[in-house]
Structures are given as C-alpha cells and as structure tokens.
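In: model the structure of this input:
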Amino acid sequence: MTPRNAFVLTLLLLTAAACGPAGEDRPGESAFDALAAGAFLPRDPWLEVADLYRAQHGAAAERAEGQVPFASALEVVDGWAGAEEWGAWGLGERTRARFVVGDPRPYELAVTAMAPPGSAERQQTVRAVVNGHEVGAFTAGDDWATHRLPVPPEALRRGVNELDLVYAYHLDGLESDHRPLALGLERLGLVPAGRRPPAPGEVGFRVYRGQKVLVLEAPGTYVAPLEVPRAGAALDFELGTPRGEGSELRISALSVEGHERALATFRSGDPTPGVHRLALDAWRGAPVLLVLTAEPAAGERFTVRRPRLVPGDAREPGDDAPAGEPPAEEPPPVVLIVLDAARPDHFGAYGYERETTPVLDALAAESLVYRQAVAECSYTLCSMPSLLSGLFFVQHGLVHDGLVLADEVVTLAEALRGAGYLTLGYTGNPNSSRMTGSDQGFDELYEIWKTHPGHITRRVVRRLRQADVAARPFFLMIHYVPPHEPYAPDPEFDVFGDPAYDGPVTSDRELAQAVYDRKIELDESDLAEMVALYDGNLRMADAAVGRVLAGLKDAGRYDDALVIVTSDHGEAFFEHGWMGHNKTIYEEMLRVPLIVKLPRSWEPPAELDLDRLVTLADVPATILRRLGLEAPAAVRGLDLLDGDPPERALYLRSAKKTDPWLGVRTRRWKAIWGNGGGELYDLAADPGETVDVIAEHPLLRAGLALLLSRAIRAEEPLRAGARAGEISEEDRTMLRALGYL
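Out: Numbering: from 1, shown residues only. Here you go, the predicted structure:
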C-alpha cells in the first residue's frame, strides 16, 4: 500500500468497560455497559481540527492500551499537519478533507481559521471547492474567525464527498517544522443552512451511569456492539420520546457482514408505557451492532433507560454448544502438521499452477479443504498459542517476545493427555517451544533447531514405529520451518527458477532479511527467483509431510487418524509493499491452508460450508468436541464441522510490540488500523485489498472498531497470567536464523 498523508481522528466517543468481570452484574443487566461503550456519529460532518495534533500523536498510545482510533464523519486527507501550539495547519497549495453525506441538501461550510504567522503583508485568500465545484472564498486574518460559505445541494453527492481549501500563497513552516504553512485551522464542518455550528464540547449524546440512561439530543447515529448468546436474547428498555413534533428515533441491527435490519421506529408523542422489547434471535451466537438513528427536533431529546439483555432461555451463553457425543470406537490418532509461513494460494489444492504440493494435493482430495482460513496474527509467537489452545490472541495475550503462555491456559495437548492420549510434539521454531510455554501438556516435546525438515521427519517416523505409539491413541504435533525462509530447497526441489537467472537472489538468509527490511530492492526477475525458491521450499516441506503420512500408513494408523495440515501465518511477496510476514495484517500475511482429513468413521454434515470464515483457534475446539471432550470454558474457537455456524468477527494483530497494526476480519470485510491511517476492504468484491472503502461505510467501520476495542478490554482477565520468559542462547541462535532477532 502506498502510504498516504492521512490522520485518523477519534470519533465523538463515550466509552466504558464493555462489561465487568463475570458475576458482577445480575443476569440480564450487562447490556447497559455494552451500549454505553458505543460511538456517536453526528449527522452533519464536523471536526474539531484543533485536536488533530492530539489525535495524530495519541493513536499509538491508544492502540497500545486497546483503544482503536476511529475516523470521524469528516476525515482529513492531504495537506495537513498537527502543531501542539497552534492546533492544526493546512499545508502547501491546498488542504483536502473527505466527508460523508447521506442526504444532499442546502448546507453551509463553516471554517474557523487564521492566517499563518508573519503573513500581515499579504492577505491569505482561501477558495473552497466541493467535489470540483467552487462554492465561495474568504480571507483569513491574523486572529481566529469563523467564515461561512453556502454549499448548494448540487455540489454534493450522496456518500463520499471531497472538500479542498485552496490557498493564494503559503509561508515557511514553524521553527520545528519547515513545511510551508498556509492556514491555521481550528474547526471545520458542514451545518444545515441557517443552523449554528455545534458549540465546543457539544456531543449530541450523553450517558448517565447512575441512572442507567442514554440520551440522544442531536441528529446523528449511535452504534454500540452487543454479543448475542447462542440461546438467543432480547433487548428490553424504557424509552422517553420528545413531546414536540418532528422527532424520530429508528433502531436497527447491523450484522458484522454489513446487513442492516430495522427493529423499531419511535416518533414524537408516541406512548411509551412499560418496557419495549427488541428480539435479537436472528443473531444467535454472533456479535451484532445496535444502531440508534436519532432525528430530534431542536431542543428535544430521546432517552433510553435501563436497557437489559434478556436471555432466550435459562441457559448461560455457551451452554447450548456441549461437547460432542463420545465416539463408540477407540479414539483416533490426532496429527497436527504446521508448515511455517505457508501461503494457501501456492498449493495445488487451492489452484496454484506449479506442482509445489503433490502430497498435500492428494491428501486434500480425500479431505475437507477450507478456503477462507486465516490466522489472527501475522507472526508465529502470537498465532501458535491460538492453534494449541483454542484461545484468541486477546485472551492468551502472548503477543511479544519475553512472554510465556499462562499456566492457567489448558492446551489441546493437556486436554488430550487427560483423556489418555500420548502427546508428542516436534518443533523447529522456538516460538512454539518451552520458551513460550508451548510445551504444556506434551509428554514429549522435541526442540530440533534445524531448518531442514528432514531432521524432524526422521525422528517422527522412527517414533511411529515404536510399540507405545502403536498401542494407544496419540496426539502428534509437528511444526516444520519450511517454507519459511531461509528459502534453501534441496537441489531436487529447486525446480521452479529460471536456469538463466544470474541476479543477486540466492538462498542466503541475510539477503532475505535485507529484502524484508526494505534495504534491498528487487526487480521483476529477482522477485520471480525469490518466489521460485519459496516454492521449492514448499515442495521440500510437502515431501516431508509425505514421509510422515507414509509412516502413519506403515503403522496402520492412517485410515483412522484425524490429520490436520495448516500454517501459523502466510507470506507476502510485495502485494502491499512488504515481503515476508510480521509487518502487516493484509491477507497475504494472514491466509493459511487448512486441510482436514477425517477418520474413516466420521461423516461431515452434508451441507458443510467450506467457504466459511475459520481460524486456527477452531482446530482445538473441533478436536475436543468431536472426541466427546469438554472444551475449557475460555475456548472461543468454533467447531469446523458445525453445519450452521454463526457470523463472526476475528481480531487481527501484527508483530510490532508498540503501535501494532490491529484489525477486524469478517467473511466479507477487513478493517485495519495502522500505517498512519484506517482502511476498510470489501473482500468479496476486492480480495486483493486494493480499493480502500473506509470513507463509504462510516457506520460499519465504527462498529468493527468498537468490537475490537471491546474484545481487547473485556478479555483482560484471561491473559493476566502471561509471565516473562527466559530465552536461552540456543533459542536466540535459532530465532536469529529465522529473522526474529
């Protein structure tokens, strides 16, 4: 992605902890806290641009604290700078902002501005241009003043609009910033013709916690996230409506896939005795965004009192997803194979034209192949705990070096060992080793710090021949390094490059790291050679898997085994300006293969949707349920064999310890916060994430960000046990070899 000069500003937010610790609230009373942690989008695009400096420099701190920055109804784009002393400045020849209009009608542009220091000898004339239509001009003086210009409806369009402030001249910057200054800006926005701009601090929405009351007192839309139990629920509340004429409140529900459904409409003078009830059963087990669109007349307001989420029946959330029926036959062997940094679109089973994965393609032909499988994190340290425990990263909290999985976390290996399984682990990556607590539950965990897969494969095949493995159910986890770099395939697998290539690309690890760090640029032929080496590495890993599967067959355990092949994250080849992984949360770094071969006695549902959104945490959840074992209460993964899964939102993270990229992924949408701005992609129409549509969907982008902030805050108690871990020198050596140090 080309970096753009965009600062994502904070919405007019009124937030609270999404919900208290379990058991603090009586059943049915936690909805108030959830609703009070929403965001208000004023109907009329308005921005206190004096807060630009604070918003720009506070974004990193907000993300570090689990607060996601939102974009307001009016968003700054190009030609802006934040200055601590002056508030915000327009730069250069013009300043651009983007805003959303739902109903084009007569507006006025209101700008509170002043000329830059030292401009007394010349008057700064500012022309305002909306969508290419010049709507007027004003002259800025040497003190703050508000200027209003009429904006006719024909200059506006429904949806995204662009505003340019075009300057007659500009001066050198401030002493600490030498970019040219053009205009000091304090407040900017559109207001309906004849209406005053909102006063500073006038928010349009208020929360009175002691009385459990929400108040909407200005035109706009309020959005708040709710989690609907699998058993279903209804929202009960009392409503106060304005007494005068001309006010309206519309309540709807917006799914995480962007589908909105009207729930109720209230108007001035409607009788409001008793309690109103909104049924939410259509979103069982799913997050949903409650949307309140208010149009109060001047001086009027709507009040929502004592909202309560009433369960559909007496069961607690999650009680309707019990463990599966225990199998009548002997429990099957469970084999989990991880190919580090494997891109699914480089597998033949996913449509790749090269013969990189003949073994896995044959396995896929007799397996379930999930086509929308993603890791939540673009790096091993964060994604492997999810695969081994069924917890999301906001729960396990293992997000940066030096942390160890909490002892309180019950891993898949621990659960299976408790059910009588022999648990065996083989890893070539220290980020899934004792160093990170990934040994929890393994009877044997072999840490083999060799990047070539043969070292692990030989050990595994020998172990499969031994009597104790043949005599009991076992869980076998293998974490291979390839296709992760160093891209150093054996000669027999290095078959995809151009024999005539004579450029700088080799299997050298340091060269690959320099490319990852953007210290070396590759031309088209260089990149093609790098991809060819990666494909050779994948072919080498595929052959290693083939030897393990052959070992299972030789031991007579293959047909009855549950075999799962996946990856911990993807690998980028400059689709968005980066190579490798860790750095971003675009699809190329998050998409993973997921191939599931069932035991011969298991039958999947006839209508199983293999295009559903699935993630690594679903693997433990599926194994435990299908073996008839009770999953730990904290497990949030879904059963991969559930024929009717709920809609879901997955939370995403990049590897950066401070100011990481954060995101939300649904089946259709990907929202990202990082890289200096916010982004939203419609993956159904744009799977390559090339067209940012964040300005076109202000309600959805705000709602997805609220879900992420809520999840990070609400799950804090589950990751409190993560503790500092020690890294041995041997671990450090392998981490350096893999590019992690």
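
In: quick one: contacts for the residue lying closest to residue 106 once chain neighbours are set aside?
Out: Excluding its sequence neighbours, the residue lying closest to residue 106 (Cβ to Cβ, 6 or more residues apart in numbering) is residue 193, at 4.0 Å. Using the backbone N, CA and C atoms, a C-beta is placed for each residue, glycine as well. The neighbourhood of residue 193, defined by Cβ atoms under 8 Å, 6 or more residues apart in numbering, consists of 106-108, 150.

In: drop anything exposed from those.
Out: Buried subset of these (neighbour count, 16 or more other Cβ atoms under 10 Å): 107-108.

In: just confirm residue 565 is within a helix.
Out: No. Applying DSSP: H, G, I helix; E, B strand; the rest coil, one finds residue 565 to be strand, outside a helix.

In: where does the stretch 551-700 of the chain have low pLDDT?
Out: 676-677 (pLDDT under 70).

In: ranges for the helices of it?
Out: Ranges of helices in the stretch 551-700 of the chain, per DSSP state H, counting those that start in this stretch, are 587-590, 618-626, 698-714.

In: in strands, which of the contacts of residue 193 appear?
Out: With strands taken from DSSP state E, the overlap with the contacts of residue 193 comprises 107-108, 150.

In: I'd like to know which of the residues you listed is nearest to residue 237.
Out: residue 107 (33.4 Å; Cβ to Cβ).

In: wait, which of the ones in strands among the contacts of residue 193 is closest to residue 691?
Out: Among the ones in strands among the contacts of residue 193, residue 107 lies closest to residue 691 (Cβ to Cβ), at 27.6 Å.

In: what's the distance between residue 582 and residue 418?
Out: 34 Å (Cβ to Cβ, to the nearest Å).

In: tell me the buried residues in the top strand by length along the chain?
Out: Identified as the longest strand of the chain according to DSSP E is strand 181-192. Residues of strand 181-192 classed as buried: 181-191 (neighbour count, 16+ other Cβ under 10 Å).

In: and if you look at stretch 154-167?
Out: Under the neighbour-count criterion of 16+ other Cβ under 10 Å, stretch 154-167 has 155-156, 160-161, 163-167 buried.

In: render the CA-only coordinates of it in CSV, please.
Out: C-alpha atoms of stretch 154-167 as CSV (Å, rounded to 0.1, in the frame of the first residue of the first chain):
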residue,chain,number,x,y,z
GLU,A,154,-26.0,20.2,-6.5
ALA,A,155,-22.4,20.5,-5.3
LEU,A,156,-22.9,17.5,-3.0
ARG,A,157,-23.4,13.8,-3.7
ARG,A,158,-24.8,11.0,-1.6
GLY,A,159,-21.9,9.2,0.1
VAL,A,160,-18.3,10.3,-0.1
ASN,A,161,-17.5,13.9,-0.8
GLU,A,162,-14.3,15.8,-1.1
LEU,A,163,-13.5,19.3,0.1
ASP,A,164,-10.4,21.3,-1.0
LEU,A,165,-9.3,24.6,0.7
VAL,A,166,-7.2,26.2,-2.0
TYR,A,167,-4.7,28.9,-0.8
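
In: please state the offset of that stretch from the chain centre?
Out: Put simply, stretch 154-167 sits 30 Å off its chain's centre (Cα atoms, centre = their mean, to the nearest Å).

In: same question, stretch 107-124
Out: 41 Å.

In: could you tell me the end-to-end distance of it?
Out: Using Cα to Cα, to the nearest Å, one end of stretch 107-124 lies 24 Å from the other.

In: again, but for stretch 499-506
Out: Stretch 499-506: ends 13 Å apart by Cα to Cα.

In: hmm, who's touching that stretch?
Out: 511, 520, 522-523, 525-526, 528-530, 533.

In: mind listing which of these are in helices?
Out: If you go by DSSP state H, the contacts of stretch 499-506 have 511, 525-526, 528-530, 533 in helices.

In: check which helices and strands the longest strand of the chain sits against.
Out: strand 46-47, strand 74-76, strand 87-91, strand 94-101, strand 107-114, strand 124-130, strand 159-167 (3 or more Cβ pairs under 8 Å, 6 or more residues apart in numbering; DSSP states H and E).

In: which residues does the nearest residue to residue 684 once chain neighbours are set aside contact?
Out: Nearest residue to residue 684 in three dimensions, chain neighbours excluded: residue 668, at 4.9 Å (Cβ to Cβ, 6+ apart). Contacts for residue 668 (Cβ under 8 Å, 6+ apart) come out as 257-258, 682-684.

In: try residue 457
Out: With Cβ under 8 Å, 6+ apart, residue 457 has these contacts: 544, 547-548.

In: filter those residues down to the buried ones and hand me the PyMOL line.
Out: A single PyMOL command selects the buried members of the contacts of residue 457 (16+ other Cβ under 10 Å):
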select buried, resi 544+548
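
In: how about the contacts of residue 457 in a markdown table, adding distance to residue 712?
Out: A markdown table is the format used below for the contacts of residue 457 (distance: Cβ to Cβ, whole Å):
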| residue | distance to residue 712 |
| --- | --- |
| 544 | 38 |
| 547 | 42 |
| 548 | 38 |
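
In: secondary structure added to the contacts of residue 457, as a markdown table?
Out: Converted to a markdown table, the contacts of residue 457 look like this (three-state DSSP):
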| residue | secondary structure |
| --- | --- |
| 544 | helix |
| 547 | helix |
| 548 | helix |
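
In: how far does stretch 697-713 sit from its chain's centre?
Out: With Cα atoms, centre = their mean, you get 10 Å for stretch 697-713.

In: oh, I was asking about stretch 567-577
Out: On Cα atoms, centre = their mean, the centre of stretch 567-577 falls 16 Å from that of its chain.

In: where does the prediction get shaky in this protein?
Out: Counting by pLDDT under 70, the chain has low-confidence residues at 1-30, 50-73, 83-87, 119-121, 174-178, 201-203, 271-273, 313-328, 676-677, 715-741.

In: which of residue 582 and residue 418 has more residues huddled nearby?
Out: The neighbour comparison of residue 582 against residue 418 (other Cβ atoms under 10 Å) goes to residue 582, with 20 against 12.

In: just checking, that one touches residue 660?
Out: No. The pair residue 582 / residue 660 is not scored as a contact, 10.1 Å apart, by Cβ atoms under 8 Å.

In: who touches both of these two?
Out: By Cβ under 8 Å, 6+ apart, the residues touching both residue 582 and residue 660 are residue 654.

In: circling back to that earlier point, relative to residue 627, which of the ones in strands among the contacts of residue 193 is nearest.
Out: residue 107 (62.1 Å).

In: before we move on, the earlier item: now the angle between strand 94-101 and the longest strand of the chain, please.
Out: 20 degrees (axes from the mean of the first three to the mean of the last three Cα atoms, to 10 degrees).

In: can you point out the buried residues in the next helix-or-strand element following strand 181-192?
Out: Using DSSP states H and E, the helix or strand that follows strand 181-192 towards the C-terminus is strand 205-208. Buried positions in strand 205-208, judged by neighbour count with 16+ other Cβ under 10 Å: 205, 207.

In: adjacent strands (with direction) for strand 205-208?
Out: strand 213-216 (antiparallel) (DSSP bridges).

In: please save the CA atoms from the partner strand in CSV.
Out: Output of strand 213-216 as CSV, limited to C-alpha atoms (Å, rounded to 0.1, in the frame of the first residue of the first chain):
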residue,chain,number,x,y,z
VAL,A,213,-29.8,6.3,31.0
LEU,A,214,-28.6,7.1,27.4
VAL,A,215,-29.6,10.5,25.9
LEU,A,216,-29.6,11.4,22.2
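
In: which residues does that strand contact?
Out: Taking Cβ under 8 Å, 6+ apart as the rule, strand 213-216 contacts 35-36, 40, 204-208, 222, 249, 292, 294, 296, 301-307.

In: the residues you listed in strands, which ones?
Out: Those of these lying in strands (DSSP E): 40, 205-208, 222, 249, 292, 294, 302-307.

In: in this structure residue 286 contacts residue 256, no?
Out: Yes. Using Cβ under 8 Å, residue 286 is in contact with residue 256, at 7.1 Å.
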